[in-house]
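In: Sequence first, then the predicted structure:
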Amino acid sequence: MKTAILLFPGTNREQDIIKAVTVAGGKRPSVVWHRDTALPEGTDLVVVAGGYSYGDYLRPGAMAARSPVLNAVRTFAADGGCVLGVCNGFQILTEAGILPGALVRNRGLQFICRDVNLVVGTEKSPFTGGYRKGQKIRLPVAHQDGNYTADAETLKRLEDEDRIAFRYADANGVVSDETCLNGSLRSIAGVLSENRRVLGLMPHPENSIEAGFGGTDGLPLFKSLLETLS
Amino acid sequence: MSKTVPYAEGIDANVVRDHGLSESEYETVLSIMGRAPNLLELGIFSVMWSEHCSYKSSKKWLKTLPTQAPWVVHGPGENAGVIDIGDDLVAVFKMESHNHPSYIEPYQGAATGVGGILRDVFTMGARPVANLNALRFGAPEDPNTRHLVSGVVSGIGGYGNCVGVPCVGGEVNFHPGYNGNILVNAMTVGVAKRDRIFLSAAAGVGNPVVYVGSRTGRDGIHGATMASTEFNEGSEEKRPTVQVGDPFTEKLLIEACLELMATDAIVSIQDMGAAGLTSSSFEMASKGGLGVVLDLERVPMREDGMNPYELMLSESQERMLMVLKPGREDLARSIFEKWELEFAIIGHLTDTGRMELRWHGETVGDLPIDPLAQASPEYDRPWQPTVPARPASMAGVDSITWQEALLKLLSSPDGASRRWIWEQYDYLVGGNTMQRPGGDAAVVRLEDAPSKALAMTADCTPRYVEADPVMGGRQAVAEVWRNLTAVGAVPLAITDNMNFGNPEKPRIMGQFVGACQGIRDACLALDFPVVSGNVSLYNETNNQAIPPTPAIGGVGIVSCDKVVDLAFKAEGQPVLLLGAPEGAEGHWLDCSLYLREIVGREAGPPPVVDLAHERRVGDLVRALISEGVVTACHDLSDGGLLMGLADMALAGNMGVRIHLEGTPSAFALFGEDQGRYVLTVANEAEATAVIERAVATGVSVRKLGITGGTELMVNGEEGPTVAALREAHEGWLPAYMGA
C-alpha cells in the first residue's frame, strides 16, 4: 500500500499517521506538500491528517479545501481512490465537497480531548472491514469543531445507504443525543462517501495503535486498509 | 534629581521615571554613555535594566543554586536548560511566567506565555515534545476568577493545540492571595540531538544578522517594564502592552527553524522574547563579545509609520534573530519563504563592541554593548527572614467523620479534579503520550529512542512556602522529585519559576531568600540541579503580595517497560505504605489542606522535609519499580493518606480496604507528612519481600490493606463508594465554571 499524507501549513498529526501506518505493517508514507499539484505515482491511499491547516483561520478546513493539492485529491477520489480524513482532514474533505455535511463548533463550545466510546456503523468499507457492525470501540478525540451537521435529506441518505461509519455512544454502547459529546446530528462521528472509498472521522484512530499509548482500537482500521489496498 | 543632570532634547526627569529608571540608574546610564541618551537609547536601557530582563534583585541569590551535575550540558544562562538523556539525545526545558499579561488579558496573556516558552526551547534546536503549566488563581468567590480561569485555559489550549505540542501536565491552586495577581507559568520540554544544540553567542565579524518570523507591530511595547512594577487601579490601561499570539505562525516558525537547523547555515540564534529586538540583539552580541549594526528600516513591519523606538521595543510574537554563515543567506531565505514567513537581513556583526542603530542610513542610536547587557544593576536588597509559623490549634479537628471530610476535600477547589481544564488541551498529539494528565507525572516516549521516555511534572505548595519559605522551597523540589520517582523515573534536573511580590520590601525579599535556600538544600541532597529558570517579582496589587510561589518543573528519564501509574490494577493486591513516621501512618496536620478546608484554619508550620529520609525512601521505591515488583504507585501530598488512596481508587475504578494501627484519626488519615508513597504489589509473597527490603534499607513500611470492592473502607468502617468519590472529585470544577 502506497500512502501519501498531505502536509498543509499547520498540519500537526502527520507523524502520528506515519506511525500508525508503519505499526500496522505498512510502508512508510510519503508526504505531499500543499502546493503540489499531483500525487505520487501509484498512490493507493491519501491521508488528510489532523491539525490546524492554515491556522483554521476563516473556518477549519476552508482554505485547505481550496489549495492546489486538493484538486489532485478530488480527481483521485473521483477515480475511486481511497481517502482517509481525520479530524481537520474530515473538515477539509467536507469543505471540499468530497464528503457531505459540515463540522461546526462543539455543542459545549470548548475543545475536547478525551477517549470516547464509539459504535461501528458498518463494516462494509475498506476502512471498517476489521470491525463488526455494532462493535463498541474506544478512540480519543481532540477537537473544537467536531459537531457534524447536514440537512435532513443528506442524513436520510447516509442512513439509507449505510454510510455512517462511526457514532458516538455511551459506556454501554447506547447512542443518544444526550450522550453525544459534541452535539453531532445522529451522533455521527464518521461518514463514508457514496462509493465507500472516502472516510472522514473526528476521532483519532492513529492515536490508538499501541497498548500503553491509548489502546489498540484504532489499529484494525489501518490493518483493514492494508489488506484491502496491498 | 539635581538640576545639573543632563537630558537630551525632549527628555526630562519625568520621562526617565516613566521608563522605570531610578535616579541612580540614570546616573549610571550617563557614565556609560558619556553623554545624555536620546529617547531610543533611554528606552533600550529601560528594558534591558528592567527586573524582568536583568534579574537585578534576584541575581545574587540565584547564583547560590546548584547547577552542576555530570548530565548537565547547559545550565542557566542559555535560553533553556540542557541535560543529557543518553542515546546521543538531550532534553531541553524551561518554565517561564506570563503573570502580568495574563491578569490583564487572560487569553492572549496565557497564549503568548506558551508561545514564548516554546521559542526558548526550539531556538536551541530542540523539537518541543511536551508542554506543562502551573496556574494560580484567586478565590473562587472573587468575581474575576471564573473569567480568568476560562481565559487562561482557553488561551493555553488555543495556542498549544494549534502548534501541535501535547500539553501533558500541570497544577492549579485557588487562593485569595492571588485575587489581584494570577500566576501563569508555562513549561516546555524539547528533545534534540546532543551534537545539534544551538546557542545565542554571535560570531564572525561581517556575518549577516537575519530577522525571521512575523512582522513587527506596535504590540507589547514596554511589556518587560510592565512586568517589573506593581499593579494598581490603572492597570487596565496597560492592555496595549499585552501581545497577541499567532500559534499558526509559531508552528511554521518551528518547522522552518528546525529545517534550517538541519543544515550548517546558522552561527547563532536567539528568539525575540521580552524586550524583543533589543534584548535578542544585545544578548547575541554581548555573548559573542562583538558589535552589531542594525538597519532598522529593513525590519519587516506590520504597519506604516513605525519608528526606531517602536521597532526596538516591540514585543510582537513569533520572531527570531539569527546570525548566518556568509553565503548561506539564499538557502535560509528559500526555507523561510517556503513556510511563508518573513526573512530579512537587517544588519551585520562588527568588532566595535557597540550597537549602532541606523534609520535610512542615519545613525539614531549608538550604545556600548557590554556595560549595558552585563553591567546591569545588581542589588543586595535588604531582607528579613520569615518567622516560621507557630503550631496551629488542633481544636475541632475531629469534629467531622473521615467519610465526610474525604468527600469535602475531594470537592474543594484545591482538591478537585482538574479534568475540566486538561480536557481542553490536546495531550495526545505526537502519539507518544504514555501517561496523561491526572497522574503523578506525565510520561512521554522519546521518538528517537522509543524504549525510553521522559517523565515530567510541575509542583509547588504555596501555603507551605508562605508559612516557612525555607521548608516550602525544599518541599517544592522534593515533591517534584517524588512525583518523578512515583512513575519509576530517575529525576534529572529542574527549572525554577520564582513568583514573588515586591522585592523592595524586606519581608518579600526574605521570602525569596528563604525559598532559594530551601531549593538549594533539596537540590544538593537529591542530586537534582537547577538548569534553567525565570523570576517574576512585583506580583502585588494595591500593596497586597501573592503567596510566595516558587513553581518547580522537573524532568526525569525512565524505560517505557518500567513505567507505573497510580491506578489500582486488580482485586486482592496488597497495599503498602512506605516512608511513614514512627508509630503512625501520618500525624502532621499543621498547614494541611485538611486544616484549611475542614477546620477553616490556615495556620501552622509546613511538614518537615527530611532530605535524607526523602532520598532513602525514593531510591527504594524507584528500585522496586524498576525491578517490576510494583503494580501501582502514588506519592502522598495534599490531603495525605486518604486523598492518596482515593486518587488510586478513582484511577483504577476499584475500592480498597485498609486497617490503621490505631484509630482512624484525622492526623493519620489526612496528615501531610512528607516522603511517603503508597504501593500495590501483585500478591502477599511480593508484599513480604518488599517489607523485608524496606526494613533492610531502613525505610519504614507497613501493610495497609488490600485492593478490591467498590468502596473505600477504613478499619471496617464503610466509606464512600468509588462512584461517590468520583462525583465529589469530578463535580466541583465543571459546576463552578458552568455557574
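Out: Thanks, I have it.

In: rest of the way, CA atoms for contacts and neighbours
Out: Will do.

In: Residues of chain A that sit close to chain B?
Out: Residues of chain A lying near chain B by C-alpha under 8 Å from any C-alpha of the partner chain: A:9-10, A:12-13, A:15-16, A:51-52, A:54-55, A:110-114, A:142, A:206-207, A:212-214.

In: Now which of the residues you listed would you call buried?
Out: The neighbour-count test (16 or more other C-alpha atoms under 10 Å in any protein chain shown) marks A:9-10, A:12-13, A:15-16, A:51-52, A:54-55, A:110-114, A:142, A:206-207, A:213-214 as buried among these.

In: What is the neighbour count of the residue lying closest to B:Lys562 once chain neighbours are set aside?
Out: Take B:Lys562 and drop its neighbours on the chain: the residue closest to it by C-alpha to C-alpha, 6 or more residues apart in numbering or on different chains is B:Ser626, 5.6 Å away. Using other C-alpha atoms under 10 Å in any protein chain shown, the number of residues around B:Ser626 comes to 19.

In: can I assume B:Ser626 is in contact with B:Val490?
Out: No: if you go by C-alpha atoms under 8 Å, B:Ser626 and B:Val490 don't touch, sitting 10.1 Å apart.

In: ok, and for stretch A:163-173, which residues are buried?
Out: Buried residues in stretch A:163-173, defined by neighbour count with 16+ other C-alpha under 10 Å: A:Arg163, A:Ile164, A:Ala165, A:Phe166, A:Arg167, A:Tyr168, A:Ala169, A:Asp170, A:Gly173.

In: Toward the C-terminus, what is the element adjacent to the host helix or strand of the third one?
Out: Assigned by DSSP states H and E, A:Ala165 belongs to strand A:164-169. Tracing the chain C-terminally past strand A:164-169 and defining elements by DSSP H and E, one meets strand A:188-192 next.

In: Parallel or antiparallel, which strands does that next one pair with?
Out: Applying DSSP bridges, strand A:188-192 is found paired with strand A:164-169 (antiparallel), strand A:198-201 (antiparallel).

In: can you give me the mean pLDDT across the first one?
Out: Strand A:164-169 shows a mean pLDDT of 98 in the predicted model.

In: Need the contact partners of it.
Out: A:116-123, A:128, A:158, A:175-176, A:179-181, A:186-192, A:199, A:201 (C-alpha atoms under 8 Å, 6 or more residues apart in numbering or on different chains).

In: quick one on the thing from earlier: how far does the strand holding A:Ala165 sit from its chain's centre?
Out: The chain centroid and the centroid of strand A:164-169 are separated by 12 Å under C-alpha atoms, centre = their mean, to the nearest Å.

In: Next, the buried residues of stretch B:317-327.
Out: For stretch B:317-327, by 16+ other C-alpha under 10 Å, it's B:Gln317, B:Glu318, B:Arg319, B:Met320, B:Leu321, B:Met322, B:Val323, B:Leu324, B:Lys325.

In: Closest one of the residues you listed to B:Pro607?
Out: Closest to B:Pro607 out of those is B:Gln317 (42.5 Å), distances taken as C-alpha to C-alpha.

In: if you skip the residues just before and after it, what's nearest to the closest one?
Out: Once flanking residues are discounted, B:Gln317 sits nearest to B:Gly245: 6.0 Å by C-alpha to C-alpha, 6+ apart.

In: next one: B:Gly347
Out: B:Leu294 (4.3 Å).

In: So what are the sheet partners of the helix or strand harbouring that neighbour and their directions?
Out: B:Leu294 belongs to strand B:291-295 when assigned by DSSP H and E. Strand B:291-295 sits in its sheet next to strand B:342-350 (antiparallel), strand B:354-359 (parallel), going by DSSP bridges.

In: Rebuild the ones you listed as a markdown table, extending it with mean neighbour count and distance to B:Pro574.
Out: Shown next, in a markdown table, are those (neighbours: other C-alpha atoms under 10 Å in any protein chain shown; distance: least, C-alpha to C-alpha, whole Å):
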| stretch | mean neighbour count | distance to B:Pro574 |
| --- | --- | --- |
| strand B:342-350 | 20 | 61 |
| strand B:354-359 | 20 | 68 |
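
In: I'd like those strands laid out as a markdown table, including mean pLDDT.
Out: A markdown table is the format used below for the strands paired with strand B:291-295 (pLDDT from 0 to 100):
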| stretch | mean pLDDT |
| --- | --- |
| strand B:342-350 | 97 |
| strand B:354-359 | 97 |
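
In: which stretch among these comes nearest B:Ile546?
Out: Smallest distance to B:Ile546 across the strands paired with strand B:291-295 (C-alpha to C-alpha): 38.6 Å, for strand B:354-359.

In: Put the alpha carbons of the helix or strand following the closest one into CSV.
Out: Following strand B:354-359 in sequence order, the next helix or strand is strand B:362-368 (DSSP H and E). Extracted as CSV, the C-alpha positions of strand B:362-368 are listed here (Å, rounded to 0.1, in the frame of the first residue of the first chain):
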residue,chain,number,x,y,z
GLU,B,362,21.4,57.9,9.6
THR,B,363,22.7,56.8,13.0
VAL,B,364,19.9,57.1,15.5
GLY,B,365,21.4,55.2,18.4
ASP,B,366,24.8,54.2,19.5
LEU,B,367,25.4,52.2,22.7
PRO,B,368,28.2,50.2,24.2
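
In: low-confidence ranges in chain B?
Out: The model of chain B has pLDDT under 70 over residues B:1-3, B:222-241, B:374-375.

In: Just give the closest residue to B:Arg119, not the sequence neighbours.
Out: B:Asp271 (6.2 Å).

In: Phi and psi next, for that neighbour.
Out: Dihedral pair for B:Asp271: phi -80, psi 160, per degrees, to the nearest 10.

In: try the one 5 residues further on
Out: Main-chain torsions, B:Gly276, degrees, to the nearest 10: phi 40, psi -130.

In: residues near it, how many?
Out: By the criterion of other C-alpha under 10 Å, B:Gly276 has 27 neighbours.

In: distance of the residue nearest to it when sequence neighbours are not counted from B:Ser50?
Out: Counting by C-alpha to C-alpha, 6+ apart, B:Gly276 lies nearest to B:Glu315, which is 4.9 Å off, once chain neighbours are set aside. According to C-alpha to C-alpha, to the nearest Å, B:Glu315 and B:Ser50 sit 14 Å apart.

In: ok, those two, which is more surrounded?
Out: Set B:Glu315 next to B:Ser50 and count neighbours by other C-alpha under 10 Å: B:Glu315 wins out with 29 against 26.

In: got the contact list for that one?
Out: B:Glu315 neighbours (C-alpha under 8 Å, 6+ apart): B:216, B:218-223, B:243, B:272-277.

In: redo that, cut-off 7 Å
Out: Counting by C-alpha atoms under 7 Å, 6 or more residues apart in numbering or on different chains, B:Glu315 makes contact with B:Asp219, B:Gly220, B:Ile221, B:Gln243, B:Gly273, B:Ala274, B:Ala275, B:Gly276.

In: what residues go with each domain of chain B?
Out: Following automatic domain parsing, one gets these domains for chain B: B:198-376, B:392-431+B:564-739.

In: From B:Ser150, how far out is B:Phe103?
Out: No Phe there; residue B:103 is Tyr. Using C-alpha to C-alpha, we find B:Tyr103 at a distance of 12 Å from B:Ser150.

In: Looking only at neighbour counts, state which of the two leads.
Out: Counted by other C-alpha under 10 Å, B:Tyr103 and B:Ser150 do not tie: B:Tyr103 has more neighbours, with 27 against 14.

In: pretty sure the more buried one contacts B:Asn181?
Out: Yes: B:Tyr103 lies in contact with B:Asn181 (C-alpha atoms under 7 Å); the separation is 6.4 Å.

In: Regarding the residue in the stretch 201-350 of chain B positioned nearest to chain A, which helix or strand does it belong to?
Out: Nearest residue of the stretch 201-350 of chain B to chain A: B:Phe248, at 4.8 Å (C-alpha to the nearest C-alpha). According to DSSP H and E, B:Phe248 maps onto helix B:247-261.

In: Contacts for that helix next, please.
Out: Against helix B:247-261 from outside (C-alpha under 7 Å, 6+ apart): A:9-10, A:54-55, B:122, B:125, B:159, B:162-163, B:213, B:318, B:332, B:335-336, B:339.
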